[in-house]
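**Q** dropping a prediction and its sequence here:
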Amino acid sequence: MDNLSHTKSTAMKCFIISVLCICCTGVYCQKADTKIDTRIDNLAYWMKLAEQGLVSFNPNTPVPAPTYKGSQIKSALIALLNSADVLIDGTTPYSETENSVAINTGNTTKALNSNNAVDLTTFPVTASTSKFTTTDGGNNWTGSPGALPFSYSDPATAISNDNYYYIGYIDNNGQQAVSVSTDEGASWASYLVGATGDKNHLTVDKTAGSAYENHIYNAWIDFGGIHDRHILFTKSSDHAVSWASPISISDASHGSSLTALDQGVNLQTGPAGEVYATWAIYDSWPDKYGTDEAAIGFARSVNGGTSFSNSIRIVDNIRGIRKTKVGKGIRANSFPSMAVDNSYGPNRGTIYVVWCNVGTPFVNTGNDVNIYLIRSTDQGVTWSSPQLVNQTVPGAGQKHFFPWITCDQTNGKLHIIYYDDRNVSSTDLETWMSSSFDGGSTWSDYQISDVSFTPVPVIAEYFGDYLGVTAHDDVIYPVWTDNRTGTALAYTSPLVSADFCPDNLVLQNITLPINATYKYRAGITISVAGGSTNFVMQGNGITGARASMVAGGSITLLPNTSIEKGAVLTIVPGPCNSPILRTGVASSEFTQLKLKPQEFDVNSQINIYPNPIQDLIYIELSPALQNKPNITYVITDLMRTVIANGRITDKLQPVNTSKLNRGGYFISIYENKKLIETRTLVKK
């Protein structure tokens, strides 16, 4: 913020505070306590209270200078070991909180971010939902705060397989709404879902081949309607233009008290198009100060959201932080976050739910706030015991909160973002992540923010209610808010995860559809199918599923292994971090094959050598591609940024690579702009 803008902002804040202080002491106006419903947790509601003088805006509290900790990522699970923070938007005078982020699975250099944008220099203060997009892997973002008309707060983002961009939010009338873009965020159309409510979430079915692929699901808590304090759910099959009548899905697990409520819903979909919902349960709201979360609810639909099973409590006798808070001068909650493994790995179909708990679940005492995870492998019928995620010693009074979990749908890797104070003072925070490559059995923690910061509320005690993270094909976008500049702003630190490499890997009862892509890696052996189990890579004769297998010892394709014509199987010798140098379309079906990796090759349409590359490489075309007029190549870095491109005019085409730095690259060959093959290049 420049000095002039800062001066104007400070003056306006002081004026607002002076007006409010006439009737207010502390956070709440003492004569207006009965007018404040502390159950309502969205920014829109609290902004209106502030405009009425019932709560205070952020006092003009100086923010201590941040402490720079460095951009080095210290985790063996992250391949990109240096990731500087990126400010998504520096537009003054907005603050930006409650970030939601979605990755474009068709091109992981593209992503969508939205947050609550508040202009602190106006009175009444204006709030709206922002939209920002990146096309270069998160290094630069375009868009603006206040870009969506009639929007107000609580954004939830999604990108469908057919490349529709979605932002769900609460509009300026307190109703649920969704904005849609068909041009990757350049323009937007808005549609009303048609019901009032709080703490909404939105998701899209992205399972290829699902009967409900690209259907949109939305849910929230009803306040004041016929389903007061229960979770409502609706769906759309026409890109958010029209919505089904909302249904209540939390009735069976709802608390017996007249003041019980269900809040903080999170939606995800499963491999067969299942719709899953989870939320926090408050068994009562005893007074204006509320209570901590007591349980987590869950419901499942197997018919595209038309109906749901009776809701259940998947974990009970917990203690969240809604009333307890975290001692940072900001409000907090323990709303659950959920992810589902829709990959074609060994944990396909597993549901993961995380939340933060005071002490250990079921004991619920102490000064710690820790993150716990439970999982289900049977569509939510039964659940595991809670497992500690953050790798810190319990009992030290440390706070880890606002967890948000994502599952990489190409490999099943789990990533959780959260605020953390393990290495700072009692007033400060850092942003951390934990990752797991084995279905949540083990975790690695690492700091992702370059700084520690001292949070100061934007309004009342509000500093946002959630963070965001998304991942696909090893590219990770974590997004959070901190106020290192004196204003609460949105940051990201794009990451690339490392390869997961167990000693031995068994692949059984797996079917990869035509449009699926998966990587299997092992340090010693990979065994495929066997006995009565199967492994099928589907193909239609021209195109098909694509998979790679990398092992340092041997790979065994046993009976019932089927690589249908058109599918692409790549087998690579050597350690699990070996680059994939050769791919090709299978010309026949394999039913049994035992081999060393060196012995296997598929029919490839191109050959590129030498690799590792030097200052000159040669692209050799198969006879089927020779003399065709529109064959081109594109070389990109690992973040898919284009480095070089050109036409291939000869059956043995030289390409100058002398200007490439050391590292890994992709080279893709196209015919009439249609992808033929992609290879990995390595320059040492």
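**A** Cool, the structure landed. Numbers count the residues shown, from 1 in each chain.
**Q** the closest residue to residue 245 other than its chain neighbours: what's it in contact with?
**A** Nearest non-adjacent residue to residue 245, counting by Cβ to Cβ, 6 or more residues apart in numbering: residue 234, 7.1 Å away. (C-beta placed from N, C-alpha, C; glycine too.) Taking Cβ atoms under 8 Å, 6 or more residues apart in numbering, we find residue 234 in contact with 193, 195, 217-219, 243-247, 305.
**Q** buried subset of those as a PyMOL selection?
**A** Only the buried entries of those go into this PyMOL selection, using 16 or more other Cβ atoms under 10 Å:
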select buried, resi 193+195+217+218+219+243+244+246+247+305
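**Q** sitting in strands, which of the contacts of residue 234 do you find?
**A** The strands, defined by DSSP state E, take in 193, 195, 217-219, 247 from the contacts of residue 234.
**Q** so for these, which is the shakiest by pLDDT?
**A** Lowest pLDDT of the ones in strands among the contacts of residue 234: residue 195, 81.
**Q** so that residue touches residue 247, yeah?
**A** No. At 11.1 Å, residue 195 does not count as touching residue 247 under the criterion of Cβ atoms under 8 Å.
**Q** my read is residue 49 is in a helix, agree?
**A** Yes. Under DSSP: H, G, I helix; E, B strand; the rest coil, residue 49 sits within a helix.
**Q** ok, it to residue 460 distance?
**A** Distance of residue 49 to residue 460, given as Cβ to Cβ, to the nearest Å: 7 Å.
**Q** now swap in residue 402 and tell me
**A** Per Cβ to Cβ, residue 402 is found 17 Å from residue 460.
**Q** joint contacts of residue 49 and residue 460?
**A** residue 55.
**Q** could you identify the most distant pair in the ones in strands among the contacts of residue 234?
**A** Largest separation among those by Cβ to Cβ: 195 and 217, giving 14.2 Å.
**Q** what pLDDT does residue 528 get?
**A** Listed pLDDT for residue 528 reads 88.
**Q** need the contact list for residue 547.
**A** Residue 547 makes contacts with 512, 516-520, 537, 567-570, as judged by Cβ under 8 Å, 6+ apart.
**Q** could you rerun that using 7 Å?
**A** By Cβ atoms under 7 Å, 6 or more residues apart in numbering, the residues touching residue 547 are 512, 518, 520, 537, 569.
**Q** only whichever of those are buried, select them in PyMOL.
**A** Selection of the buried residues among the contacts of residue 547 in PyMOL, burial being defined by 16+ other Cβ under 10 Å:
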select buried, resi 512+518+520+537+569
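**Q** the contacts of residue 547 into TSV, with extra columns for secondary structure and distance to residue 622?
**A** Below are the contacts of residue 547 laid out as TSV (DSSP: H, G, I helix; E, B strand; the rest coil; distance: Cβ to Cβ, whole Å):
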residue	secondary structure	distance to residue 622
512	strand	25
518	strand	25
520	strand	26
537	strand	21
569	strand	18
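**Q** nearest to residue 556, of the contacts of residue 547?
**A** Checking the contacts of residue 547 against residue 556 by Cβ to Cβ gives residue 520 as the nearest, at 12.5 Å.
**Q** what's the neighbour count on residue 673?
**A** For residue 673, the neighbour count with other Cβ atoms under 10 Å is 7.
**Q** can you report phi and psi for it?
**A** The phi/psi pair for residue 673 (degrees, to the nearest 10) reads phi 70, psi 10.
**Q** where's it relative to residue 632, distance?
**A** Distance of residue 673 to residue 632, given as Cβ to Cβ: 8 Å.
**Q** what's the local residue count around residue 389?
**A** Other residues lying near residue 389 total 23 when counted by other Cβ under 10 Å.
**Q** now for residue 373: which residues touch it?
**A** When contacts are counted by Cβ under 7 Å, 6+ apart, residue 373 touches 352-354, 387, 389, 440.
**Q** helix, strand or coil for it?
**A** Applying three-state DSSP: residue 373 is strand.
**Q** so where's the stretch 451-600 of the chain shaky on pLDDT?
**A** Residues of the stretch 451-600 of the chain that meet the criterion pLDDT under 70 lie in 573-574, 578-600.
**Q** for the chain, that is, sorry about that
**A** The model of the chain has pLDDT under 70 over residues 1-34, 58-60, 123-124, 147, 573-574, 578-604, 638-639, 684.
**Q** not counting sequence-adjacent ones, nearest residue to the residue nearest the centre of it?
**A** Nearest residue to the geometric centre of the chain (Cα atoms, centre = their mean): residue 470, 2.3 Å. Sequence neighbours aside, residue 103 is the residue nearest to residue 470 in space, at 4.4 Å (criterion: Cβ to Cβ, 6+ apart).
**Q** and that neighbour, how many neighbours does it have?
**A** A count of nearby residues for residue 103, using other Cβ under 10 Å, gives 26.
**Q** closest to residue 444 among the contacts of residue 547?
**A** Using Cβ to Cβ, the contacts of residue 547 come closest to residue 444 at residue 520, 21.2 Å.
**Q** separation between the residue nearest to that closest one when sequence neighbours are not counted and residue 518?
**A** Spatial nearest neighbour of residue 520, excluding adjacent residues (Cβ to Cβ, 6+ apart): residue 549 at 4.8 Å. According to Cβ to Cβ, residue 549 and residue 518 sit 10 Å apart.
**Q** the residue nearest to the centre of the chain bridge partners, please.
**A** residue 477 (DSSP bridges).
**Q** wait, it sits on residue 478?
**A** No. Counting by Cβ atoms under 7 Å, residue 470 stays clear of residue 478, with 8.5 Å between them.
**Q** what sits against the residue nearest to residue 80 when sequence neighbours are not counted?
**A** Counting by Cβ to Cβ, 6+ apart, the nearest residue to residue 80 once its immediate chain neighbours are dropped is residue 496, at 3.9 Å. When contacts are counted by Cβ under 7 Å, 6+ apart, residue 496 is found next to 79-80, 474-475, 638.
**Q** domains in the chain, by residue range?
**A** Domain assignment of the chain by automatic domain parsing yields the ranges 3-51, 67-496, 501-603, 605-684.
**Q** any chance of the ones you listed in a markdown table, with distance to residue 61 too?
**A** Shown next, in a markdown table, are these (distance: least, Cβ to Cβ, whole Å):
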| stretch | distance to residue 61 |
| --- | --- |
| domain 3-51 | 10 |
| domain 67-496 | 5 |
| domain 501-603 | 48 |
| domain 605-684 | 39 |
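**Q** tell me where the protein has helices.
**A** Listed in chain order, the helices found in the chain under DSSP state H are 3-21, 43-51.
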